[in-house]
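Enquirer: whatever this is, show me its structure:
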Amino acid sequence: MNTVDYIQFGFVVLFTMVAAVCDFRTKRLPNWLTVPGFIAALIFHGVRGAMEGGWSGAGGALLTAMGGFAVGFGILFLLWIIGGGGAGDVKLMGALGAWFGPMNTFNLFVISTVFVLILSVGVLAWQTIQKGAFNVKRRYLGDESASDKLKARGLTREEAAMQRKVKRRLMPYGVPVALAAWVVLVWSFRSQLFGA
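Expert: Just a heads-up that it's a prediction; the model follows:
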């Protein structure tokens with residue numbers, strides 16, 4: 001691996017670690033993390049492309065980065081529209097897409113989905129052992145009366161729905177995305193890392 005590869009590898013690992021910790025602790029992926037991550041990817045690929053192929057190299061590298069952003073942002077945006085995630089998840093996948101490019105971003109999405117499934121089954125099993133099946137069922141499949149209680153505390157319908165959605169989340173998406181990003185990184189740099 002050359003110095004530029006180490007920069008990409010190190011930044012993505014650090015970025016995804018911070019995202020996973022933020023999402024795990026606060027159940028949010030803040031703009032102060034995702035937007036600079038996206039901008040850093042554009043700068044990185046623009047400079048790298050210029051170093052390797054002049055202006056045309058920079059243009060091609062930026063197109064690849066934007067293609068990765070479009071794939072990552074687009075897939076998660078569709079899921080967000082139908083209620084399957086948060087806006088921070090969309091921005092995180094868009095930022096990572098800019099780092100990885102279109103094909104690796106699609107691979108990232110598929111691998112993160114596998115991690116979501118595995119970790120969700122693990123979390124549900126653990127909570128069932130700890131709290132019992134009835135309590136776990138009530139938490140994740142409970143009736144709307146919890147929303148009525150939240151509205152009674154002065155929250156709007158949208159705020160109550162958001163509170164209920166956050167409470168029902170099995171796990172923050174930043175964690176499986178980080179794991180998947182590390183798998184994609186190792187796979188992408190396997191020849192440099194392992195000499196294979």
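
Enquirer: all helices of the protein, in order?
Expert: 3-26, 31-81, 87-100, 102-131, 133-141, 145-152, 157-168, 174-188, 190-194 (DSSP state H).

Enquirer: packed most tightly, which of those helices would that be?
Expert: Among the helices of the chain, helix 87-100 has the highest mean neighbour count (mean count of other CB atoms under 10 Å), at a mean of 26. Bear in mind the C-beta positions are built from the backbone N, C-alpha and C, glycine included.

Enquirer: ok now that helix, how far from the chain's centre?
Expert: 6 Å (CA atoms, centre = their mean, to the nearest Å).

Enquirer: and the angle for that helix with helix 174-188?
Expert: If you take axes from the mean of the first three to the mean of the last three CA atoms, to 10 degrees, helix 87-100 sits at 10 degrees to helix 174-188.

Enquirer: what packs against helix 87-100?
Expert: Contacts defined by 3 or more CB pairs under 8 Å, 6 or more residues apart in numbering; DSSP states H and E place helix 87-100 against helix 3-26, helix 31-81, helix 102-131, helix 174-188.

Enquirer: need the CA coordinates for that helix. PDB is fine.
Expert: The C-alpha trace of helix 87-100 is given here as PDB (Å, rounded to 0.1, in the frame of the first residue of the first chain):
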ATOM      1  CA  ALA A  87     -31.900  10.600   7.500                       C
ATOM      2  CA  GLY A  88     -28.400  10.200   9.200                       C
ATOM      3  CA  ASP A  89     -28.200   6.600   7.800                       C
ATOM      4  CA  VAL A  90     -28.800   8.000   4.300                       C
ATOM      5  CA  LYS A  91     -26.100  10.600   4.600                       C
ATOM      6  CA  LEU A  92     -23.700   8.100   6.100                       C
ATOM      7  CA  MET A  93     -24.100   5.700   3.200                       C
ATOM      8  CA  GLY A  94     -23.800   8.600   0.800                       C
ATOM      9  CA  ALA A  95     -20.500   9.700   2.300                       C
ATOM     10  CA  LEU A  96     -19.100   6.200   2.300                       C
ATOM     11  CA  GLY A  97     -20.300   5.800  -1.200                       C
ATOM     12  CA  ALA A  98     -18.100   8.800  -2.200                       C
ATOM     13  CA  TRP A  99     -15.100   7.000  -0.600                       C
ATOM     14  CA  PHE A 100     -15.800   3.600  -2.200                       C
END
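
Enquirer: that's all I had, so thanks and see you.
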